[in-house]
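Enquirer: just need the structure, nothing else, for what follows:
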Amino acid sequence: MDELGFTRCEVDQAVFFRRCGKSLIIVLVHVDDCTIVATAQSLINRFKIEIAKHVGITDLGELHWILRIEIRRIHERCKIYLSQRSYIESTLRHYGLDDLKPVSLPMETNI
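Expert: Below is the predicted model:
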């Protein structure tokens, strides 16, 4: 990553970044997976070309899941939604609590 002008993050050894003026690209590396975020799509495209000169890559397209968090983007509104619904539901299933129903209990709110 040094050859490509990236700096390793001081607090997380798996995060690399490169600044060029107001442009920023961040690469998160986990074993053989990379998650790439940038201020412009062209930076991501250029990075993919650069890194492919050094290692074989497979482009899986836009990110939909990371660390059990679902990522949904609405490009027209420039919005990103994060959800852990799937993780919560699988945890409830694992402990046999997936059939529970919510119950409203009268309680004092300050307890």
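Enquirer: at the geometric centre of the chain, which residue sits there?
Expert: Ile66 (4.7 Å; C-alpha atoms, centre = their mean).
Enquirer: mind listing the residues bridging to it?
Expert: Ile69 (DSSP bridges).
Enquirer: what helices and strands are in contact with the longest strand along the chain?
Expert: Longest strand in the chain, counting residues (DSSP state E): strand 23-30. If you count contacts as 3 or more C-beta pairs under 8 Å, 6 or more residues apart in numbering; DSSP states H and E, strand 23-30 packs onto strand 15-20, strand 33-38, helix 41-52. No exception for glycine: its C-beta is placed from N, CA and C like everyone else's.
Enquirer: what's in contact with the first one?
Expert: So that's strand 15-20. The contact list for strand 15-20 (C-beta atoms under 8 Å, 6 or more residues apart in numbering) reads 1, 4-9, 24-29.
Enquirer: and for the longest one?
Expert: Contacts of helix 41-52 from elsewhere in the structure, counted by C-beta under 8 Å, 6+ apart, are 4, 23-25, 27, 34, 36-38, 57, 59.
Enquirer: follow-up on the earlier one: mind putting the helices and strands packed on strand 23-30 into JSON lines with mean pLDDT?
Expert: Putting the helices and strands packed on strand 23-30 into JSON lines (pLDDT from 0 to 100) gives the following:
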{"stretch": "strand 15-20", "mean pLDDT": "92"}
{"stretch": "strand 33-38", "mean pLDDT": "89"}
{"stretch": "helix 41-52", "mean pLDDT": "91"}
